[in-house]
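Asker: What shape does this take:
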Amino acid sequence: MRMPLTANIAQAICAAILILFGIANAFSGSEILGSDFTAYLTGATIVNNGEGRSLYNSDVQKEVQSQLIYPATMRKGLLPFNYPPWVVLPFLPLAKLPYKVAYVIWFFMNVGLFLVGLRLFTSALPAIYKNTNLLAALGLAAVSFFPLFTVLILGQLTIVVFLGYALCFFALKKENNFRAGLALTLTLVKPQLVIALPLVLLYKRNWRALLGLASGLGIIAVASVLVVGIPRLDDIIEITRFSSEHWGCDDLSWRGLFCPLDMGLHLAVTMSVLSLALLIFAWRDREHKAETFDLQYALVIPISLLISPHLFSHDLTLLILPAFLAMNHAFAQENASLRGPGVIGVIAWVGGGYLVGLLRLFPNFSVFGVRPETLFLIAVSLALAKAILLPGSSDQRTLK
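Answerer: All right, here's what the predicted structure looks like:
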């Protein structure tokens, strides 16, 4: 199905907005351009120097990173490369270029991956895809979602995770389960954001999808060993401890919420288990209804974020996907009066994105000790769970 002209124009406008934003960012005079991108380039430079075994050695990382960002310095001395070793693979050629050139190339790659992922994702949502005005409006809303700008500024990998989730959904809707699992491999650049979906696939006994995921993992693991080698275990433990000490309580997930408490870890684990139990319960449907599947897939994402052991505001970019799924569900209703809750939900989603941006000015702001972003995630999860488990309650009130 070809995308209508109106939607193509809207997507071109979206691309122009992101590109202009990138140009403005590149000439902003920032001391360190794309601070998170620095960590990826640090890892890639170490491997290019033939020191793959020392990939996670903090001293080696500090030396390389200081050369990359000279004369600037990192606020905490080091922004560590603490990702799986296969993450360095796409950055190896970029690490051979001047820093600013590499960052600009990665920025435009991120924009391209986002637009491709969004286009394929919406093509699997008929209620949105057939409504050109709605499709155009949602596209513009997506590129105005503040966490997306944060991802692009930082040079983060969250858009690769976004693409993995989008391609996985697209393949599952086409009933190509093996390709869905293979697409999910992309999310393993940040495996902490994809804990829930493999468990759902296991619960649903979707063996072909799990085989695709295992195959993709095998391919990138072998490629990593061949190119990077096997990093030292003591270095991995050291860099993990360093990251936990400096950023552990800044997380927006259950872990960050309970971190200050003496029983924080136990409470975070308990809430994560309960969140997964809610997700599995929501997926218990045996009839495989298309409209229910969309909401079930939507619920996977906020639950995955809540249980993540490492979550920051830029990762909320993934909430674009459940917002589109919720809107598609709303406009698929035959009774137009039932679309209201979905529209209100998406308005709240866009507003939540701007709230995240505003709250960056007040990093210590909380509501009874809870970060508003965490409350936002909890609210989204509960709203989606209610729509799945109690589908008739709101409809009956609306009809009355």
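Asker: Now do Val47: how many residues are near it, please.
Answerer: 24 (other Cβ atoms under 10 Å). Every C-beta, even on glycine, is put in place using the N, C-alpha and C of the backbone.
Asker: So it lies in a strand, does it not?
Answerer: No: per DSSP: H, G, I helix; E, B strand; the rest coil, Val47 lies outside any strand segment and is helix.
Asker: Verify the stated contact: it with Pro93.
Answerer: No: Val47 sits out of contact with Pro93 when judged by Cβ atoms under 8 Å, with a separation of 11.5 Å.
Asker: Where does Leu265 sit: helix, strand or coil?
Answerer: helix.
Asker: Give the full set of residues in contact with it.
Answerer: Listed by Cβ atoms under 8 Å, 6 or more residues apart in numbering, the contact partners of Leu265 are Arg255, Phe258.
Asker: wait, Ala223 sits on Val87?
Answerer: No: Ala223 is beyond contact range of Val87, at 11.6 Å (criterion: Cβ under 8 Å).
Asker: These two - which one has more neighbours?
Answerer: Between Ala223 and Val87, counted using other Cβ under 10 Å, the more crowded position is Val87 (22 against 13).
Asker: for the residue nearest to the more buried one when sequence neighbours are not counted, what are its contacts?
Answerer: Among residues not flanking Val87 along the chain, Val189 sits closest, at 5.2 Å (Cβ to Cβ, 6 or more residues apart in numbering). Going by Cβ under 8 Å, 6+ apart, Val189 touches Tyr83, Pro84, Trp86, Val87, Leu157, Val160, Val161.
Asker: Could you say which helix or strand holds the closest residue to Thr317 other than its chain neighbours?
Answerer: Nearest residue to Thr317 in three dimensions, chain neighbours excluded: Pro147, at 4.4 Å (Cβ to Cβ, 6+ apart). Using DSSP states H and E, Pro147 falls within helix 146-154.
Asker: Show the average pLDDT along that helix.
Answerer: Averaging pLDDT along helix 146-154 gives 85.
Asker: One more: stretch 100-111?
Answerer: Here the average pLDDT along stretch 100-111 is 89.
Asker: again, but for stretch 58-75
Answerer: Stretch 58-75 comes out with an average pLDDT of 83.
Asker: longest helix anywhere in this protein?
Answerer: Ranked by residue count, the top helix of the chain under DSSP state H comes out as helix 99-123.
Asker: If you count contacts, what does that one end up packed against?
Answerer: Contact here means 3 or more Cβ pairs under 8 Å, 6 or more residues apart in numbering; DSSP states H and E; on that basis helix 99-123 packs against helix 5-26, helix 35-48, helix 126-129, helix 132-143, helix 146-154, helix 158-173, helix 320-331.
Asker: Check the gap between the residue lying closest to Ala214 once chain neighbours are set aside and Gly164 for me.
Answerer: In this structure, Ala214 finds its nearest non-sequential neighbour in Gly181, 7.4 Å apart by Cβ to Cβ, 6+ apart. Using Cβ to Cβ, to the nearest Å, Gly181 is found at 11 Å from Gly164.
Asker: again, but for Phe312
Answerer: From Phe312 to Gly164 the distance is 18 Å (Cβ to Cβ).
Asker: So between these two, which is more surrounded?
Answerer: Neighbours of Phe312 and Gly164, each counted by other Cβ under 10 Å, are more numerous for Gly164; the result is 25 against 20.
Asker: Pretty sure the more buried one sits against Leu186.
Answerer: Yes: look at Gly164 against Leu186 with Cβ under 8 Å: they come within range, at 3.2 Å.
Asker: quick revisit: then the helix holding Pro147 to PDB, C-alphas only?
Answerer: C-alpha atoms of helix 146-154 as PDB (Å, rounded to 0.1, in the frame of the first residue of the first chain):
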ATOM      1  CA  PHE A 146      10.900  15.900  23.700                       C
ATOM      2  CA  PRO A 147      12.700  12.700  24.600                       C
ATOM      3  CA  LEU A 148      13.400  12.200  20.900                       C
ATOM      4  CA  PHE A 149      15.300  15.500  20.700                       C
ATOM      5  CA  THR A 150      17.300  14.400  23.700                       C
ATOM      6  CA  VAL A 151      18.200  11.200  22.000                       C
ATOM      7  CA  LEU A 152      19.400  13.100  18.900                       C
ATOM      8  CA  ILE A 153      21.400  15.600  21.000                       C
ATOM      9  CA  LEU A 154      23.200  13.000  23.000                       C
END
